[in-house]
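> Fold the following for me, if possible:
(one chain, ligands or ions: 2)
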Amino acid sequence: MGLNYYQIKKNVRKARKLVIKGTTAAGSGHPGGSFSMAEIIGCILYKFLKYDPKNPLWEDRDRLVLSKGHASPGLFSNLAVAGYFDESEVEDLRKLGSRLQGHPDLRCPGVEFCGGSLGIGLSFSIGGALAAKIDGKKHHIFTIIGDGESNEGQVWEAAMTASKYKLDNLTVILDRNFIQQDSYTERIMPLDEELIGDDISEMWKDAGRWKVGDKWRSFGWNVTEIDGHRIEQIISAIDSTLQTKGTPSMIVARTIKGKAVEHMEDNPKWHGVAPKPEIAPLIDLELDCQFMIAPSIIAGDMTNLETEVRKAVHGRADYIHLDVMDGVFVPNTTFDHTKIKELRPITEIPFDAHLMINEPVKHVQNYVDAGSDIITVHAEVCNESSFGEIRDILKSNKVGLGLALNPQTDLPSWSYKFIPELDQLIVMSVVPGKSGQKYIETTHEKTRKLAKTLSDKKFEGFIEADGGVDLSNAGACFSDGARVFVGGSAIIGQPDVRNTISNFRKKILHARRKLLINKAYELGGTDLVNKWIDLHIIGEKKNELIQIAKEASYV
Ligand code: DX5
Ligand code: ZN
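Ligands and ions are numbered 1, 2, ... in the order given. I've put the predicted structure just below:
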């Protein structure tokens, strides 16, 4: 499909929601492993895989083999989003006679392999890859295996075989979530090193302990290690495996079981348990509440923006926010597309280009060519026709589409028809022009109103709060409906960017926990609040939730 970063992100969110819908309706299934591989399968399906949902058995299609077949809800939901069948069919999950069974079944269009009996999918894929070579076919085979599954001896026999036959038409992704059915992988059969104690974060902290990649290297594979929830890293890793000649490729993707739903994260209990129906709406809301941090580099040393980008990368930012000012639309001048092009090789992290320039339609192609992942233009300098042209340029170049509003600007009526396609709406909370200004308080109310209007008009993108956002107001911005947080002076201007970003995340998470507790109370009173709190047993989350519920007098 070749979708852009934002479209993949939105599709992955949609698919996660379908996993919850399906497993809740079935009363059983495997959400944990479906969520750990959500971004991996999303990037394969929406970016790389060649297929035709109307002709699932097209001979030259690429093959997607889910060896860890118990994560079938994660496969089915993505196949539905990709157009193989109607999304409503996920509610038939695990029903008698349904095409969507507890493990993938060939009756389901898009399914290539009846995974479930673990350890076999890689051997099956090798057969397919060898056959393609013999037949002179150009298609590629993508196979997802699990770390629990890697206990099987057959996996390692297959590792030797793929290497012997130089199967460079095979890319395997290991969903390394550290958890299998009964416990942590490192306790049952360590792939890296034995886990002492109960704290899985112990493994996370020390990358020096991760050795599974070396095992695959020693078998002659081309190995890359990535964060399996970072879309940009998955894309870049797969891109490079597709260029690799003469060896099979393994991507070790470090993931979190149950990722994106706090109470499921890193919790072995959620390997194969479905959410209760009364909990499902809360999870659904939580999935709508993912958020991103976007440091604005102009708050740093303008003579050395490379260093500022590196600080943001080291701080694990989600985006790099690039404020382009032309000295006309705003009095100041910062940099233009040539600088963005120079900065591009430093990182794969998405570039969030905010164009504070006149006549953006004339310049937008330059910003595409410079490597921006999303480009946001100002409503004040666009109309229906020029924004339509910008939309066409960005969509055809697979770049995200953003619109920005100054503090005094309302959503113009010409923009309504573009709302369902918008990836981002920037709500400025300072008069644009420089970093370090004070947040304009009336923006809270404005954002709340906008969030309502946007959702009525089928907005699927993210609201970005930009200008004067800091640790004291980020939580409130989240509650208003913002999901991307730009931080200039409050992030890049700070001595310890990494620690500051981590503190931003904590503040926003607190606001999110509060929103979910409020929702629980609204839907089911104290009883549901208590049930929601009790689900949160891993990490420090539970105490914070109890505190929030007490402060609101819900318990
Ligand atoms: C303002 C820019 C903002 C700003 C962010 O014109 O669009 O991105 O520089 O910096 P702070 O967070 O310091 O307001
Ligand atoms: Zn900005």
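
> what helix or strand is the residue in the chain positioned nearest to ligand 2 on?
Closest contact between the chain and ligand 2, by CB to the ion, is at His354 (3.7 Å). Bear in mind the C-beta positions are built from the backbone N, C-alpha and C, glycine included. Assigning secondary structure by DSSP states H and E places His354 in strand 351-356.

> ok, then the element right after that strand?
According to DSSP H and E, the helix or strand after strand 351-356 is helix 360-369.

> Now that following helix: average pLDDT?
Per-residue pLDDT over helix 360-369 has a mean of 98.

> Going by contacts, tell me the helices and strands next to it.
Packing partners of helix 360-369 (3 or more CB pairs under 8 Å, 6 or more residues apart in numbering; DSSP states H and E): helix 337-343, strand 351-356, strand 374-378, helix 384-396.

> which parts of the shortest one are buried?
Looking back up the chat, that one is strand 374-378. For strand 374-378, the neighbour count (16 or more other CB atoms under 10 Å) marks Ile374, Ile375, Thr376, Val377, His378 as buried.

> and that strand with ligand 1, contact?
No: figure legend: strand 374-378 not in contact with ligand 1 (CB under 6 Å from any ligand atom); closest approach 9.5 Å.

> anything in that strand near ligand 2?
No: against ligand 2, strand 374-378 shows no contacts by CB under 5 Å from the ion, the least distance being 7.9 Å.

> Any residues of the protein in contact with ligand 2? List them.
So the chain meets ligand 2 at Asp323, His354, Asp466 (CB under 5 Å from the ion).

> how about a cut-off of 6 Å?
Ser296, His321, Asp323, His354, Asp466, Val486 (CB under 6 Å from the ion).

> As JSON lines, those with pLDDT, neighbour count and distance to Ser455 would be great.
Output for the residues of the chain next to ligand 2, formatted as JSON lines (pLDDT from 0 to 100; neighbours: other CB atoms under 10 Å; distance: CB to CB, whole Å):
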{"residue": "Ser296", "pLDDT": "98", "neighbour count": "27", "distance to Ser455": "27"}
{"residue": "His321", "pLDDT": "98", "neighbour count": "31", "distance to Ser455": "24"}
{"residue": "Asp323", "pLDDT": "98", "neighbour count": "24", "distance to Ser455": "28"}
{"residue": "His354", "pLDDT": "98", "neighbour count": "28", "distance to Ser455": "23"}
{"residue": "Asp466", "pLDDT": "98", "neighbour count": "29", "distance to Ser455": "20"}
{"residue": "Val486", "pLDDT": "98", "neighbour count": "29", "distance to Ser455": "22"}
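
> What is the nearest of the residues you listed to Gly136?
Closest approach to Gly136 among those (CB to CB): His321, at 47.6 Å.

> Same list (the helices and strands packed on helix 360-369) but as CSV, adding distance to Lys446.
Listed next are the helices and strands packed on helix 360-369 as CSV, based on distance: least, CB to CB, whole Å:
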stretch, distance to Lys446
helix 337-343, 29
strand 351-356, 18
strand 374-378, 16
helix 384-396, 21
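
> low pLDDT regions in the stretch 1-150 of the chain?
Low-confidence segments of the stretch 1-150 of the chain (pLDDT under 70): 1.

> Could I get the full set of helices for it?
Assigned by DSSP state H, counting those that start in this stretch, the helices in the stretch 1-150 of the chain fall at 5-26, 31-36, 38-43, 72-81, 121-134.

> Now the longest one - C-alpha only, PDB.
Pointing back at helix 5-26 there. C-alpha atoms of helix 5-26 as PDB (Å, rounded to 0.1, in the frame of the first residue of the first chain):
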ATOM      1  CA  TYR A   5       3.900   7.400   8.800                       C
ATOM      2  CA  TYR A   6       0.600   9.000   9.900                       C
ATOM      3  CA  GLN A   7      -1.600   6.700   7.900                       C
ATOM      4  CA  ILE A   8       0.200   3.600   9.300                       C
ATOM      5  CA  LYS A   9      -0.200   5.000  12.800                       C
ATOM      6  CA  LYS A  10      -3.900   5.600  12.300                       C
ATOM      7  CA  ASN A  11      -4.400   2.100  10.800                       C
ATOM      8  CA  VAL A  12      -2.500   0.500  13.600                       C
ATOM      9  CA  ARG A  13      -4.700   2.300  16.100                       C
ATOM     10  CA  LYS A  14      -7.900   1.200  14.200                       C
ATOM     11  CA  ALA A  15      -6.600  -2.400  14.100                       C
ATOM     12  CA  ARG A  16      -5.800  -2.400  17.900                       C
ATOM     13  CA  LYS A  17      -9.400  -1.300  18.500                       C
ATOM     14  CA  LEU A  18     -10.700  -4.100  16.400                       C
ATOM     15  CA  VAL A  19      -8.600  -6.600  18.400                       C
ATOM     16  CA  ILE A  20     -10.400  -5.400  21.500                       C
ATOM     17  CA  LYS A  21     -13.800  -5.600  19.700                       C
ATOM     18  CA  GLY A  22     -13.100  -9.100  18.500                       C
ATOM     19  CA  THR A  23     -11.700 -10.600  21.600                       C
ATOM     20  CA  THR A  24     -14.300  -9.000  23.800                       C
ATOM     21  CA  ALA A  25     -17.100 -10.400  21.700                       C
ATOM     22  CA  ALA A  26     -15.500 -13.800  21.700                       C
END
